[in-house]
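A.B. asks: Show me the folded form of this:
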Amino acid sequence: MTHTLDFTAQEWDVLERAPMLAGLLVGDLANPTSWLPELYAVFNHAHALASNSKSVLVLAVTERMLARDGESIDLPVDLPQSSSAARAYLIAGCLQAMRLVSQKAPSEVEPFRQWLLHLARTAAASTKEGGFLGIGGQQISNAERTILHELETALNLVG
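C.D. replies: Alright, predicted model coming up:
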């Protein structure tokens, strides 16, 4: 069973940040107000996904995330300014969480990976790209598809 005894406080922080990092990955980091829908989508869908999951870890991380409800959501203070460097930073944070799960809870690797990918896709689909006055546009843009593919490729290398 995966519980607080298996992870240090610092390790829990890494695990709890991973969903937020996955959601930020598809947001427009240059405009701090534009990434809020992606993060809200992550938090809103995390609970629904966890309640349908058989993963003890996914449920535990979700409960810990939701317990922080009401705390402000800010970009990581050390997030690089350039888009490509920021993407690399965010993917590295997700990979750090995946490696931790792989080391400490190997049976949870696949559910955790799928959960992160689903949350990233949910964040990408939370806002429509293109169109005019809400008409037309794409639910997930080509740029977001590319970023999601990068994340999926990176996460598939762990475990």
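
A.B. asks: Which other helices and strands does the lengthiest helix in the chain contact?
C.D. replies: The residue-count maximum for a helix in the chain (DSSP state H) belongs to helix 83-104. Counting contacts by 3 or more C-beta pairs under 8 Å, 6 or more residues apart in numbering; DSSP states H and E, helix 83-104 packs against helix 9-25, helix 109-124, helix 142-156. In short, each C-beta sits where N, CA and C put it, glycine included.

A.B. asks: what about Ser83, neighbour count?
C.D. replies: Neighbour count of Ser83, defined by other C-beta atoms under 10 Å: 13.

A.B. asks: I'd say Ala123 and Phe43 touch.
C.D. replies: No: with contact defined as C-beta atoms under 8 Å, Ala123 does not count as touching Phe43 (10.0 Å).

A.B. asks: between these two, who's got more neighbours?
C.D. replies: Ala123 (29 against 19).

A.B. asks: any idea of the angle the helix or strand of the chain with the lowest mean pLDDT forms with helix 109-124?
C.D. replies: Sorted by mean pLDDT, DSSP states H and E, the helices and strands of the chain end with helix 36-51, the least confident at a mean of 75. Between helix 36-51 and helix 109-124, the angle comes out at 140 degrees (axes from the mean of the first three to the mean of the last three C-alpha atoms, to 10 degrees).

A.B. asks: ok, residues contacting helix 36-51?
C.D. replies: Residues from elsewhere that reach helix 36-51, judged by C-beta atoms under 8 Å, 6 or more residues apart in numbering: 19-20, 22-24, 26-27, 58-59, 61-63, 65-66, 69, 73, 115, 118-119, 122-127.

A.B. asks: If we go by neighbour counts, what in it is buried?
C.D. replies: By 16 or more other C-beta atoms under 10 Å, the buried positions in helix 36-51 come out as Glu38, Leu39, Ala41, Val42, Phe43, His45, Ala46, Leu49, Ala50.

A.B. asks: of the residues you listed, closest to Glu144?
C.D. replies: Nearest to Glu144 among the buried residues of helix 36-51 is Glu38, at 9.7 Å by C-beta to C-beta.

A.B. asks: Any figure for the gap between that closest one and Ala143?
C.D. replies: Here Glu38 is placed at a distance of 13 Å from Ala143 (C-beta to C-beta, to the nearest Å).

A.B. asks: Then Leu57?
C.D. replies: 31 Å.
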